[in-house]
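Enquirer: Take a look and give me a structure for this.
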Amino acid sequence: MPINPDIERTLAAERVRDDFVPVSDYISADFQKLENERLWPKVWQVACREEEIPNVGDYITYEIANQSFIVIRSAPGKIRSLYNVCLHRGRRLTTGHGNALRLHCNYHGWQWNADGSIARVLDREDWDGCGEMTDSDLQLRETLVDIWGGFVFINMDLKAEPLHKFLDPVPEYLDPYEYQKNALSLLCDLPPAKQLEGGTGGI
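Expert: Numbers count the residues shown, from 1 in each chain. Predicted coordinates for the structure are as follows:
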C-alpha cells in the first residue's frame, strides 16, 4: 500500500545524524511500512548460522515483516532459501526449525523436495487439463543465499549486489576473529555470566 506523501515528507524531515536517531524510526507504523516496502526486500539479512542446519534436510524458518522463508540444507555443502508458501494453497509449509527431506503442505498434501522441486501432487490426474503446467512451474521460489563468517544471509532481490560488496569493508576487519568457527556454539557453551560479558571476543 503506497505511503501518504505528507507522512513520507514528515519522516524524511527527521534525519538520522551521527548523534541522533528519531524515535519515529522505532515506533512509527508508517516508517515500518516504508521499511517493508523499500528496505527488507532489497538488503542482505542474517537468517541463521551454518551450524544451526548442519545436516541435509535441516531447516530454519526465517521471517521478516510479512515474508517467511525456509532456509534449508538441501545437499552437503548447499544451503537454499525458499519462499515458505505452498504454490497450490498459499499455506506455510514450515514453522520453527527441524529436519525434513520433503516439505509437506498439510492442506492438500502437496510435497516438495529439499531443493524446492515438486515431489508430490495429490490426485495429479485432476490437473491433466492444465497441459502447459510443468514441474518447473511448481518449483518453490528461491532467494539469493550467501555465507560469511558462518552467518547465512538471504536477499529477496535476485539482482542484488554480491554479499561481499554489501559487507565491505566489514570482513577486512572481522575476518581475523574467525567467526566461521562455530561462534554461536562457542558462545552457548560458556557459563551464563561469560555469555553476558561477550566472552567469545565480541560476539
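Enquirer: which ones are touching residue 108?
Expert: By C-beta atoms under 8 Å, 6 or more residues apart in numbering, residue 108 lies in contact with 88-89, 122. Every residue, glycine included, has its C-beta placed from N, CA and C.
Enquirer: got a winner among those for most neighbours?
Expert: residue 88 (16 neighbours; other C-beta atoms under 10 Å).
Enquirer: if I look at that residue, how far off is residue 74?
Expert: 21 Å (C-beta to C-beta, to the nearest Å).
Enquirer: Likewise for residue 153?
Expert: The value you get for residue 153 to residue 74, if C-beta to C-beta is used, is 17 Å.
Enquirer: Report the distance from stretch 50-61 to the chain centre.
Expert: Stretch 50-61 sits 13 Å away from the centroid of its parent chain (C-alpha atoms, centre = their mean, to the nearest Å).
Enquirer: Run through who's touching it.
Expert: Contacts with stretch 50-61, where a contact means C-beta under 8 Å, 6+ apart, come from 47-48, 68-76, 79, 84, 92, 94-101, 114, 147, 150-152, 180, 182, 184-185.
Enquirer: If we use 7 Å, what do you get?
Expert: 47-48, 68, 70-73, 75-76, 79, 84, 94-101, 114, 147, 150, 152, 182, 184-185 (C-beta atoms under 7 Å, 6 or more residues apart in numbering).
Enquirer: Burial check on the residue nearest to residue 99 when sequence neighbours are not counted, number of neighbours?
Expert: Of all residues not flanking residue 99 in the chain, residue 57 sits nearest, at 4.4 Å (C-beta to C-beta, 6 or more residues apart in numbering). Residue 57: 17 surrounding residues under other C-beta under 10 Å.
Enquirer: And the one 4 residues further on, by the same measure?
Expert: As a burial measure, the neighbour count of residue 61 was computed by other C-beta under 10 Å and equals 19.
Enquirer: On the pLDDT front, check it for me.
Expert: Note on residue 61: pLDDT of 98.
Enquirer: Return the backbone torsion pair for it.
Expert: Main-chain torsions, residue 61, degrees, to the nearest 10: phi -90, psi 120.
Enquirer: for the one 3 residues further on, same thing?
Expert: Taking degrees, to the nearest 10, you get phi -140, psi 130 for the backbone angles of residue 64.
Enquirer: averaged over its residues, what pLDDT does the strand or helix carrying residue 164 have?
Expert: Element membership of residue 164 [criterion: DSSP states H and E] is helix 163-167. Here helix 163-167 scores 97 as its mean pLDDT.
Enquirer: domains for this protein, by residue range?
Expert: Domain assignment of the chain by automatic domain parsing yields the ranges 45-146, 169-203.
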